[in-house]
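Enquirer: Can you look at this prediction? I've put the sequence above it.
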Amino acid sequence: MPLNVEIEKLPDGVSVVTMTGQLTLGLNLKLADSQVHAAIAEGANKLVFDMTGLDYLDSAGLGMLVFTYGTLNEKGGALRLCGVAPRIASVLKLTKTDELMGMDATKEESLKALGVK
């Protein structure tokens, strides 16, 4: 299943990145990464990655998450993940990536954690 990314811009530098499909090495990952970093360049400093529709990620996808986290962290921003499938959550836990990024059950919880009302 190909990767699809949609970015919803909210007020105060907050954006929700909704991903469906598989976050894996290839052209789709490169396009997704460029979309996310374009949003950051345009002023987004708090991102929610809604992963409800994401069913798989590989090490390249994990690398994209960590790189995005680092970029936002350098700018004083934040990254939260929501709707993470158990299979993906186990990869995040195994690599201790879950300790870097907050994970929430729903998009609303992630937005609340970022201070969005």
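Expert: Cool, got the structure. Numbers count the residues shown, from 1 in each chain.
Enquirer: okay, the nearest residue to L25 once chain neighbours are set aside: pLDDT?
Expert: Closest residue to L25 apart from its sequence neighbours, by Cβ to Cβ, 6 or more residues apart in numbering: A60 at 3.7 Å. C-betas here are computed from N, CA, C, even on glycine. A60 carries a pLDDT score of 97 in this model.
Enquirer: Also K117?
Expert: On the pLDDT scale, K117 is placed at 76.
Enquirer: and if you look at T52?
Expert: Listed pLDDT for T52 reads 97.
Enquirer: hang on, it packs against G83?
Expert: Yes - contact criterion Cβ atoms under 8 Å: T52 and G83 qualify, at 3.1 Å.
Enquirer: what is in contact with those two at once?
Expert: K107 (Cβ atoms under 8 Å, 6 or more residues apart in numbering).
Enquirer: contacting residues for the spatially most central residue of the chain?
Expert: Central residue of the chain (Cα atoms, centre = their mean): F49, 3.1 Å from the mean position. F49 makes contact with V17, M19, L65, T68, L79, R80, L81, C82, according to Cβ under 8 Å, 6+ apart.
Enquirer: quick one: which of those is nearest to T95?
Expert: Ranked by distance to T95 (Cβ to Cβ), those are led by L65 at 9.9 Å.
Enquirer: what's A78 sitting at in phi/psi?
Expert: Here is the backbone geometry of A78 (degrees, to the nearest 10): phi -150, psi 150.
Enquirer: If we ignore the residues flanking it in sequence, what's nearest it?
Expert: The shortest distance from A78 to any non-neighbouring residue, by Cβ to Cβ, 6+ apart, is to K46 (5.0 Å).
Enquirer: beta partners of that neighbour?
Expert: In this entry, K46 is beta-bridged to V14, A78, by DSSP bridges.
Enquirer: hang on, the earlier thing: which of the contacts of F49 sit farthest apart?
Expert: The widest separation within these (Cβ to Cβ) is 14.7 Å, between T68 and C82.
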